[in-house]
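Visitor: how does the following fold in three dimensions:
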Amino acid sequence: MVWRSVMISRPAKLRREHFSLAIEQEETAFVPFEDIAVIVLNHREITLTHPVLSACAEYGIGLYATGNNHQPAGVFLPFLPHSRTTRMMRLQLAIAKPAAKQAWASIVRRKIENQAECLKLAGGKGADRLESYARRVRSGDPENMEAQAAAFYFAQLFGAKFYRAEECWSNAALDYGYAVLRGAIARGLVAHGLHPTVGLFHDSEQNAFNLADDVIEPFRPLVDLHVIRHPAATEGDLIPADKTGLVALLNVDVAMPQGRMSVLSAIEYAVESLVRVYEGATREPDLPRLVGLQLHALEH
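Guide: From the prediction side, this is the model:
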């Protein structure tokens, strides 16, 4: 499974031409819809036709729109007539608490392991401490090792004075990368008949992406590693090159039980395994391991 992520940061008109997306700028580029996983619209002067939206739904493409701050503000997800949507909703709502807690512990454990690997790859210290946190995660994470690890991890990675609520380039880059991942995961959940609102751990009534916010956790350190390795080229807001690099993370390799693959493919396998968790066929979902920032080699 190899898909493209298409980011448009200049004025353009998007239209459907047979089985391809036509991007009209100084010249017209054509991208087959079947090759596209996500499209990011990152300019105020982009127009698109209704057939483009219909094609996004037909081919299962996630379409992002950015807001005034150029951060992803909304995502168009296919409303697929999945054959098992109602069945999966019932399974999501009926999952036993022990099963949900065990799955969440697996997610937290892998997230912390990936944070430790991120510190190693970034040349930072403290990986051993994070690995010890990961080993201490129990069902449901009652000691909240996730929060303890995060407090230590971000200080080691970005410096003792760094905090996530601060308005700065690093946080803007992290938020942008996380938002792109979140939308790609929501797309994968919908494609497999799962409802993004009903989470394993996250359960906010005001959050339409609770389950996506569960699944994203082990993927987050990939964004962290990219941001620490690619510091701001200019002061202030993210520039188009920053955003392009963050969207490209969807095509970076991670390690899954099935082998090395792109993040987009790993999301598919992770969601498929999550379906098996709900069905009671397995206790732990398949989750990614951070291996660096190498782009997945496309097969020709």
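Visitor: what's the weakest-modelled helix or strand in the chain?
Guide: Among the helices and strands of the chain, strand 72-76 carries the lowest confidence by mean pLDDT, DSSP states H and E, at a mean of 74.
Visitor: just checking: what are the partner strands of that one?
Guide: Sheet neighbours of strand 72-76, with direction, are listed as strand 62-66 (antiparallel) (DSSP bridges).
Visitor: contacts for the strand it pairs with?
Guide: Under the contact criterion Cβ atoms under 8 Å, 6 or more residues apart in numbering, strand 62-66 has outside partners 37-42, 53, 56, 72-77, 179-180, 183-184, 186-187. Using the backbone N, CA and C atoms, a C-beta is placed for each residue, glycine as well.
Visitor: pLDDT of the helix or strand just after the least confident helix or strand of the chain, averaged?
Guide: Tracing the chain past strand 72-76, the next element assigned as helix or strand by DSSP states H and E is helix 85-94. Helix 85-94 shows an average pLDDT of 86 in the prediction.
Visitor: between the helix or strand that helix 85-94 is followed by and helix 85-94, how many degrees?
Guide: Beyond helix 85-94 in the direction of the C-terminus, DSSP H and E gives the next helix or strand as helix 97-121. If you take axes from the mean of the first three to the mean of the last three Cα atoms, to 10 degrees, helix 97-121 sits at 90 degrees to helix 85-94.
Visitor: list the helices and strands the helix or strand that helix 97-121 is followed by packs on?
Guide: Stepping forward along the backbone from helix 97-121, the first helix or strand reached (DSSP H and E) is helix 127-135. In this structure, helix 127-135 packs against helix 97-121, helix 145-158, with contacts taken as 3 or more Cβ pairs under 8 Å, 6 or more residues apart in numbering; DSSP states H and E.
Visitor: ok, then the element right after the last one?
Guide: I take that to be helix 145-158. Reading on from helix 145-158 to the C-terminus, the next helix or strand found by DSSP H and E is helix 169-191.
Visitor: tell me, how many residues neighbour Arg10?
Guide: When counting by other Cβ atoms under 10 Å, one arrives at 12 neighbours for Arg10.
Visitor: same thing with Leu174?
Guide: A total of 21 residues lie near Leu174 under the criterion other Cβ under 10 Å.
Visitor: sorry, back to before: of the contacts of strand 62-66, buried ones?
Guide: With burial judged by 16 or more other Cβ atoms under 10 Å, the buried subset of the contacts of strand 62-66 is 37-42, 56, 72, 75-77, 179-180, 183-184, 186-187.
Visitor: got the angle between the least confident helix or strand of the chain and helix 169-191?
Guide: Using the same axes, to 10 degrees, the direction of strand 72-76 lies 10 degrees away from that of helix 169-191.
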